[in-house]
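> What shape does this take:
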Amino acid sequence: MDLVQRAGDLKPLLTDFALSSRFDREFSAVLERHFPDHVLTADSVGIHFVAGEGLSFYPDYHLIEELFSDPRLISRPRYRETLSGFLRDPDTSPEPLRRLAARDPAKASRVFARLLKRKRFSWDTDGEQLLRRSKPRYFDETPLPRTVPLSPLLSEALQRSR
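From the prediction side, this is the model:
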């Protein structure tokens, strides 16, 4: 039996569980136990997967997406502060900014030129250097995965230790 068929066989079981009241209780408990308040209370949360890093959750990611689509939004404090936070936070991967800039490097150049007050900023020539300067830990150290699957044995041991 191939993987696609086996995964398909799970779908009815997962659907039944997802529609049950038990799912609502357990899912809420998992969220509250594993996510900080600023993630749970955000208007939106971007979820990114990067090989070697795992899953990352970015509160208010929609603001960054909107900004990279319309660089004029950088004049609004909320957009400017959100981008500054993404750029300066040592725990935020540089990958979301790379992905957004890759969609339209010219717009990314305008966004960062305004943010940094550097008229000649070009994402193509200056972007990687900006990320390296702003997030040295991601380049100086081997990043550890943010999400690690645990075997049932390790999961039980972790829960007993709390």
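
> Output the below-cut-off pLDDT ranges for the chain.
1-11, 13-34, 143-150 (pLDDT under 70).

> show me where it has helices.
Ranges of helices in the chain, per DSSP state H, are 3-18, 21-34, 37-40, 61-69, 77-88, 95-103, 105-116, 123-134, 136-140, 152-161.

> Redo those helices as a markdown table? Include distance to His48 and mean neighbour count.
For the C-beta atoms, the positions are set from N, CA and C on the backbone; glycine is no exception. Output for the helices of the chain, formatted as a markdown table (distance: least, C-beta to C-beta, whole Å; neighbours: other C-beta atoms under 10 Å):
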| stretch | distance to His48 | mean neighbour count |
| --- | --- | --- |
| helix 3-18 | 23 | 9 |
| helix 21-34 | 17 | 10 |
| helix 37-40 | 13 | 12 |
| helix 61-69 | 8 | 19 |
| helix 77-88 | 12 | 16 |
| helix 95-103 | 6 | 17 |
| helix 105-116 | 17 | 19 |
| helix 123-134 | 15 | 15 |
| helix 136-140 | 14 | 12 |
| helix 152-161 | 24 | 9 |
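
> Quick one, which of these gets closest to Gly46.
helix 61-69 (2.7 Å; C-beta to C-beta).

> As JSON lines, the helices of the chain with distance to Ile47 would be great.
Formatted as JSON lines, these follow (distance: least, C-beta to C-beta, whole Å):
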{"stretch": "helix 3-18", "distance to Ile47": "18"}
{"stretch": "helix 21-34", "distance to Ile47": "13"}
{"stretch": "helix 37-40", "distance to Ile47": "10"}
{"stretch": "helix 61-69", "distance to Ile47": "8"}
{"stretch": "helix 77-88", "distance to Ile47": "15"}
{"stretch": "helix 95-103", "distance to Ile47": "10"}
{"stretch": "helix 105-116", "distance to Ile47": "21"}
{"stretch": "helix 123-134", "distance to Ile47": "21"}
{"stretch": "helix 136-140", "distance to Ile47": "19"}
{"stretch": "helix 152-161", "distance to Ile47": "22"}
